[in-house]
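# below are the sequence and a predicted model for it; my questions follow.
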Amino acid sequence: MRRRGLAVLAAFCLFSTAAGAAGLQRIDLPGNGAAPPLVGAVWTPCARPAGLVRLRRIMVPGVMNCPVKGTKLPLIVISHGFNGWFGGHHDMAEALADVGFVVAAITHKNEFGRSWHAGRPAAIKRLIDHMLKRWPERTRIDASRIGFFGFSRGGYTGLVLVGGVPNFWRIVRHCREVPADPVCRPTSAPRRRSGGTAKRAKPVYVHDARIKAAVIAAPLGVIFGREALKSVRVPIQLWRAEKDKRELFPYHTDAVAKALPNKPDYRLVPAGHFAFLAPCTARQAEAIPALCRDANGFDRVAFHKRFNAAVTKFFKENLR
């Protein structure tokens, strides 16, 4: 029992370095036709001292169902990476909520299906709709100040939402030239059937002009050329991990930086792909070492203090 108590205290100390009090609510988006039901969470400004809240198998600082503090609050929506979940960037959500943002995240479904590339942006649009039209505290949100954060496939999601039109045929050409790129694995891109006479409907990519600024980390970027991103006009903060073995340089983040019509706020991190995920607990590090292990002495906790501060500053400046 004493060992368990010490573990909980250690978890609290680890995560409380990123933020103070944040209100936390669970949300459920009902299914609609072909759109599946979605689960997620909302972090809000909260006037109460931070306690500990269980989020799946981890303990995070926060106050469950805390009354929302403030009015005319900006909204940030979060899209996680492949096979992730709504709490994968909880420390960022806590940091943003602590300084006056409402932050909402959902867990994407159909990650292994054919429709993820169109389904992901549509899911985030549904999330924004839910927050502005059905969330009980919706009147506290300033609908003119909405931002987006996305990591990996979530970064792809954000680029589509702010106007990008992906061209997945670019992967076919890319994989002939760079077959070792992880993007060439079967689960990374929509599969195309060969033979047969039936034609599949052309995917409809959802854009959302309500998003006024976006932070994109380690995106799936090879599918975006200059033509694909020509309509993107919102401010972008773009993050690349210099030792990323999943989004290989220079085909993804760097390619996006060069293709964007307006120069992004481009940041480099001396780490691997998963450094953008929230710092791991000891239990997570043991269960999923590939997502938690940082090489060469990289301090993920210290980095996330700087990372969250830079993201917060960017949204404050661009969602005035």
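Looks like it arrived, so ask away. Numbers count the residues shown, from 1 in each chain.
# where does pLDDT dip in the stretch 101-250 of the chain?
By pLDDT under 70, the low-scoring segments of the stretch 101-250 of the chain are 114, 186-201.
# quick one: the strands in it?
102-106, 141-151, 211-217, 236-241 (DSSP state E, counting those that start in this stretch).
# now these in TSV, with distance to Ala22 and mean neighbour count?
(Glycine included, C-beta is placed from N, CA and C.) Output for these, formatted as TSV (distance: least, C-beta to C-beta, whole Å; neighbours: other C-beta atoms under 10 Å):
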stretch	distance to Ala22	mean neighbour count
strand 102-106	8	26
strand 141-151	15	22
strand 211-217	18	25
strand 236-241	21	23
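# tell me which of the ones you listed sits nearest to Gly31.
strand 102-106 (12.6 Å; C-beta to C-beta).
# let's see the closest one as PDB, backbone CA atoms only.
Provided in PDB are the C-alpha atoms of strand 102-106 (Å, rounded to 0.1, in the frame of the first residue of the first chain):
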ATOM      1  CA  VAL A 102     -10.700  25.500 -23.200                       C
ATOM      2  CA  VAL A 103      -9.000  22.400 -24.700                       C
ATOM      3  CA  ALA A 104     -10.900  19.500 -26.200                       C
ATOM      4  CA  ALA A 105      -9.500  16.200 -27.600                       C
ATOM      5  CA  ILE A 106     -11.100  13.000 -28.900                       C
END
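# show me where this structure has helices.
2-16, 90-98, 116-133, 153-161, 169-177, 226-229, 253-259, 282-287, 289-292, 300-318 (DSSP state H).
# now do the contacts for Val60.
By C-beta atoms under 8 Å, 6 or more residues apart in numbering, the contact set of Val60 is 15, 24, 52-53, 87, 90-91, 94.
# which of the residues you listed has the most neighbours?
His90 (29 neighbours; other C-beta atoms under 10 Å).
# could the strands of the stretch 101-250 of the chain go into a markdown table alongside distance to Leu229?
Output for the strands of the stretch 101-250 of the chain, formatted as a markdown table (distance: least, C-beta to C-beta, whole Å):
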| stretch | distance to Leu229 |
| --- | --- |
| strand 102-106 | 24 |
| strand 141-151 | 15 |
| strand 211-217 | 11 |
| strand 236-241 | 10 |
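# for those strands, which one sits closest to Phe307?
Using C-beta to C-beta, the strands of the stretch 101-250 of the chain put strand 236-241 closest to Phe307, at 7.8 Å.
# I'd like to know which elements that closest one is packed against.
strand 211-217, helix 253-259, strand 265-269, helix 300-318 (3 or more C-beta pairs under 8 Å, 6 or more residues apart in numbering; DSSP states H and E).
# and Val172, which of the ones you listed is closest to it?
Closest among the helices and strands packed on strand 236-241, using C-beta to C-beta: helix 253-259, at 16.0 Å.
# buried ones in the closest one, by neighbour count?
253-257, 259 (16 or more other C-beta atoms under 10 Å).
# can you tell me which of those residues is closest to Ala118?
Nearest to Ala118 among the buried residues of helix 253-259, with distances taken as C-beta to C-beta, is Val256, at 19.1 Å.
# tell me the contacts of the nearest residue to the closest one once chain neighbours are set aside?
Excluding its sequence neighbours, the residue lying closest to Val256 (C-beta to C-beta, 6 or more residues apart in numbering) is Gly221, at 4.1 Å. The neighbourhood of Gly221, defined by C-beta under 8 Å, 6+ apart, consists of 155-156, 159, 247, 251-256.
# so can I have a markdown table of the residues you listed showing distance to Leu38?
Below are the contacts of Gly221 laid out as a markdown table (distance: C-beta to C-beta, whole Å):
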| residue | distance to Leu38 |
| --- | --- |
| Gly155 | 19 |
| Tyr156 | 18 |
| Leu159 | 21 |
| Glu247 | 25 |
| Tyr251 | 31 |
| His252 | 26 |
| Thr253 | 27 |
| Asp254 | 32 |
| Ala255 | 30 |
| Val256 | 26 |
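# and of the strands of the stretch 101-250 of the chain, who's closest to Arg320?
So among the strands of the stretch 101-250 of the chain, strand 141-151 is nearest, using C-beta to C-beta, at 7.7 Å.
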